[in-house]
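Novice: fold the following, please.
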Amino acid sequence: MFKFTREKLACFRYIILILVGYSGIVISVAEAGEATEVIEEALEAYNKQDLSSTADALNEALAIVIQEKATRMEKKCPKALDGWEKEKTVSNSSGAIFGAGTVTECSYRNGNNKVTISFTVDSPMIQSMMMMFNNPMFATADGGKVKRIKADGKKHKTIIKYNEQRKSGEITSIFETILVSVKGKASQDVLISFFKSIKFSSLNSD
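Specialist: So this is what the prediction gives:
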């Protein structure tokens, strides 16, 4: 059984800080889950000044943590609307390692109509997007319209871009540090209904 001394605990915290800084995401020991054993291996290697093995173990732990977070996000996808069928949920967590974030996509279909709800987390670009999102010039570019939509008991600022001829469009919103998108081929009312079905209060919870 691995035992912590004061010195090892200090090293452990240092390694966690490295992991957090490298990933650009916020984690805790509890969130690490299966990564705990690998982090302990990193600590042992670090105590031996085997920095190469330390880095390898940290990278492995980082990949595990990111994948666990992606799996949790998959559970945030709402149920299909009446008449619609939920097809699949896919998460791409590889981008988080390179700073592009983790993208979780939930697909729904009704005949020839298809809607995709996506959540992008842990992306440093979201902060920049938030600044543009709050700028009227950027928000209304390409025919976008700013609209507040009530979902999960609160009103959320959204940008709606919809093409009446193609009967397709996209609703974009930023919730805390999560980019939320509802897009696809469907009526604007259907896209709004899908947006309203998202339980925003659960997006940042376990």
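Novice: following the host helix or strand of residue 57, which helix or strand shows up next?
Specialist: If you go by DSSP states H and E, residue 57 is part of helix 51-74. Next helix or strand after helix 51-74 toward the C-terminus (DSSP H and E): strand 85-92.
Novice: give the partner strands of that following strand in its sheet and their orientations.
Specialist: In the sheet, strand 85-92 lines up against strand 102-110 (antiparallel) (DSSP bridges).
Novice: packing partners for the helix or strand following the partner strand?
Specialist: Later in the chain than strand 102-110, the nearest helix or strand by DSSP H and E is strand 113-121. With contacts taken as 3 or more Cβ pairs under 8 Å, 6 or more residues apart in numbering; DSSP states H and E, strand 113-121 sits against helix 51-74, strand 102-110, strand 178-185, helix 188-196. In this view, the C-beta of every residue, glycine as well, is placed from N, C-alpha and C.
Novice: ok, 6 Å please
Specialist: strand 102-110, strand 178-185 (3 or more Cβ pairs under 6 Å, 6 or more residues apart in numbering; DSSP states H and E).
Novice: neighbouring contacts of that strand?
Specialist: 73, 101-108, 178-179, 181-186, 194 (Cβ atoms under 6 Å, 6 or more residues apart in numbering).
Novice: using CSV, write out every CA atom in stretch 41-59.
Specialist: Provided in CSV are the C-alpha atoms of stretch 41-59 (Å, rounded to 0.1, in the frame of the first residue of the first chain):
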residue,chain,number,x,y,z
GLU,A,41,3.9,5.9,-10.2
ALA,A,42,4.8,9.4,-11.3
LEU,A,43,5.5,10.4,-7.7
GLU,A,44,7.8,7.4,-7.2
ALA,A,45,9.6,8.2,-10.4
TYR,A,46,9.9,11.8,-9.4
ASN,A,47,11.4,10.9,-6.0
LYS,A,48,14.0,8.9,-7.9
GLN,A,49,14.6,11.9,-10.2
ASP,A,50,13.6,9.8,-13.1
LEU,A,51,12.0,12.7,-14.9
SER,A,52,11.4,10.8,-18.2
SER,A,53,9.3,8.2,-16.4
THR,A,54,7.6,11.0,-14.4
ALA,A,55,6.6,12.8,-17.6
ASP,A,56,5.3,9.6,-19.2
ALA,A,57,3.2,8.7,-16.2
LEU,A,58,1.8,12.2,-16.0
ASN,A,59,0.8,12.1,-19.7
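Novice: ok, and for that stretch, which residues are buried?
Specialist: For stretch 41-59, the neighbour count (16 or more other Cβ atoms under 10 Å) marks 41, 42, 43, 44, 45, 46, 54, 57, 58, 59 as buried.
Novice: farthest pair in these?
Specialist: 44 and 59 (15.9 Å; Cβ to Cβ).
Novice: please compute how far the helix holding residue 57 lies from its chain's middle.
Specialist: Mean-position distance between helix 51-74 and its chain equals 15 Å (Cα atoms, centre = their mean, to the nearest Å).
Novice: noted, bye for now.
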